[in-house]
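**Q** Fold the following, please.
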Amino acid sequence: MIENTVKTGIHTKKPMGLSYFHKPKELGKEIRAAGFRNVDIRGVIGPVWLVRNLDKVWKNTQKRESLMRIVRLLEKEESVMGLSTHLLSIAEKG
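**A** Numbering: from 1, shown residues only. Sure thing, here's the model as predicted:
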């Protein structure tokens, strides 16, 4: 399923139904084509979903701070942005 979604950009499996997979550069092009400028795209969740026992890690202050440092480093790194389950775009209408 993941391989097909990445190759075609279309996700058709349940439970999400029909949805589209965007790569950061493609999403940026679409947003610019809609008349926006100063487009900033970030991975919202990043690879955090890969962390085992996130609830336990999050309760530990040092581990949480370390995890957040990593998230901040990776949120704009295009080579790993695809690991995020959601992308966020911030832009100005112009």
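
**Q** Can you check the pLDDT for Pro24?
**A** Looking at Pro24, its pLDDT reads 84.

**Q** what sits against it?
**A** 41, 43, 78, 81-82, 87 (C-beta atoms under 8 Å, 6 or more residues apart in numbering). (C-beta placed from N, C-alpha, C; glycine too.)

**Q** One more: Val57?
**A** Going by C-beta under 8 Å, 6+ apart, the list of residues near Val57 reads 51, 63-64, 67.

**Q** State the distance from Asn4 to Leu18.
**A** Using C-beta to C-beta, to the nearest Å, Asn4 is found at 13 Å from Leu18.

**Q** quick one: which of the two has more around it?
**A** Asn4 (13 against 8; other C-beta atoms under 10 Å).

**Q** Same list, the contacts of Pro24, but as TSV with neighbour count and pLDDT please.
**A** Below are these laid out as TSV (neighbours: other C-beta atoms under 10 Å; pLDDT from 0 to 100):
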residue	neighbour count	pLDDT
Ile41	20	89
Gly43	23	80
Glu78	12	74
Met81	21	72
Gly82	15	66
Leu87	18	83
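
**Q** Dump those residues into a markdown table; add secondary structure and distance to Thr8 as well.
**A** As requested, the contacts of Pro24 are exported to a markdown table (DSSP: H, G, I helix; E, B strand; the rest coil; distance: C-beta to C-beta, whole Å):
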| residue | secondary structure | distance to Thr8 |
| --- | --- | --- |
| Ile41 | strand | 21 |
| Gly43 | strand | 21 |
| Glu78 | helix | 20 |
| Met81 | helix | 19 |
| Gly82 | coil | 15 |
| Leu87 | strand | 18 |
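
**Q** closest to Gly94 among the residues you listed?
**A** Closest approach to Gly94 among these (C-beta to C-beta): Ile41, at 16.7 Å.

**Q** how close does the closest one sit to Leu67?
**A** Distance from Ile41 to Leu67, by C-beta to C-beta: 21 Å.
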